[in-house]
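[1] after the sequence you'll find the predicted model.
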Amino acid sequence: MPQITHVTAIRDAMVDLVVDAIDAGTTDTTGDLVIMTSGDVPVATLSWTATPAFGASSNGTATMNAINDDASAVGGIAALFKFQDRDNNEVFRGIAGTAGEDLNLSSTNIGATDTISITSFTYTGPT
């Protein structure tokens, strides 16, 4: 079975293209990380402390820069998340859970007015 692979420089360029898209736009000061229910209903919204949202890719992986807490979550059962740009356009999304998912939370049961913190996130491009 054939498998396409990319050299590191191309992987870094692909990853930078994706994560830099979060910094695009002019409506908001920064992009957002929106945690959502399985029906795409927002549960919590976190914004970056400043741009850029991610550092430069190294070996095909970019690490998220500091992000503000959502000090008053809407609440609900987290199942998905999306990163959106400064004009609130979706850049990419993934699955939220408590283990083995794209975004791992201490609990997916988020109460109204809970404070939600994300300590780290990495985006890795295809090999």
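    On my side now, so go ahead.

[2] show me the residue sitting in the middle of the protein in space.
    Phe83 (4.4 Å; CA atoms, centre = their mean).

[3] list the contacts of that residue.
    22, 31-34, 53, 90-93 (CB atoms under 8 Å, 6 or more residues apart in numbering). Heads up, the C-betas are built off the backbone N, CA and C, glycines and all.

[4] widest-spaced pair of the residues you listed?
    Using CB to CB, the two most remote members of the contacts of Phe83 are Ala53 and Arg93, lying 14.8 Å apart.

[5] ranges for the helices of this structure?
    In the chain, the helices defined using DSSP state H lie at 8-20.

[6] scan it for its longest strand.
    If you go by DSSP state E, the chain has its longest strand at strand 90-97.

[7] quick revisit: Ala53 and Arg93: which has the busier surroundings?
    Neighbours per residue (other CB atoms under 10 Å) separate Ala53 from Arg93, with Ala53 holding more: 28 against 16.

[8] excluding chain neighbours, give the residue nearest to the more buried one in space.
    Counting by CB to CB, 6 or more residues apart in numbering, Ala53 lies nearest to Ile22, which is 4.2 Å off, once chain neighbours are set aside.

[9] what pLDDT does the model give Ser117?
    pLDDT recorded at Ser117 is 97.
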